[in-house]
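Student: Here is my input; please provide its structure:
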Amino acid sequence: MSAKERMATSVLKLLAEDAEGLGIIASAVQDSLVKPEGFKLEAKSRTFGLEINRFQWERAGKRMPFFRSRAVLAFAGVQNVRSRHVAKDIDAVHSLIDIRFASEGEAPAGIITLVFAGETQVQLAVECIDVTLVDIGPSWPTRRKPDHEKSRA
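Tutor: Just a heads-up that it's a prediction; the model follows:
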């Protein structure tokens, strides 16, 4: 299989309706990159979305090639959004580290927290877990594989 064929064949589509599914999506989007304009709240439809450059961990080996793809991460049933330290600079890039869920009050409602490198966080008060992740374009090769051990040093 050629590099071009490998790039075109990887399209990920995931749906999470519980904490376990959200954990799977969190793993798939770890180290995704998003610019401030990639954060989108649609108040009328009560959805919050991120347009991300997703590192494809499911394809990553020990050596190159590594791949990224453009993807949309969408949250439905959003009642409220709070953010902390989201850059206003259009050239800023946030690296998504984790997605967490905490039940608050009556299940299945709760708080989904998007945790980014540094002190950036976005908290979504949701009616329930209803999250989708969809790759929206072909993948492309990248030389860099995120290395959490180096970033801790």
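
Student: Give me the residue at the spatial middle of the protein.
Tutor: Here the mean C-alpha position of the chain is nearest to the C-alpha of Val29 (C-alpha atoms, centre = their mean), at a distance of 4.1 Å.

Student: Beyond the helix or strand of the chain with the lowest mean pLDDT, next helix or strand please.
Tutor: Counting by mean pLDDT, DSSP states H and E, the chain has its least confident helix or strand at helix 3-9, which shows a mean of 49. Beyond helix 3-9 in the direction of the C-terminus, DSSP states H and E gives the next helix or strand as strand 13-16.

Student: So which elements touch that following strand?
Tutor: Secondary-structure packing of strand 13-16 (3 or more C-beta pairs under 8 Å, 6 or more residues apart in numbering; DSSP states H and E): helix 19-29, strand 131-135. The way it works is simple: take the backbone N, C-alpha and C, and place the C-beta from them, glycine included.

Student: measure the nearest residue to Thr120 once chain neighbours are set aside to Gly118 for me?
Tutor: Nearest residue to Thr120, sequence neighbours excluded (C-beta to C-beta, 6 or more residues apart in numbering): His85, at 4.4 Å. When distance is defined by C-beta to C-beta, to the nearest Å, His85 is 7 Å away from Gly118.

Student: what about stretch 24-43, average pLDDT?
Tutor: Across stretch 24-43, the average pLDDT comes to 95.

Student: cool, stretch 70-84 as well?
Tutor: 96.
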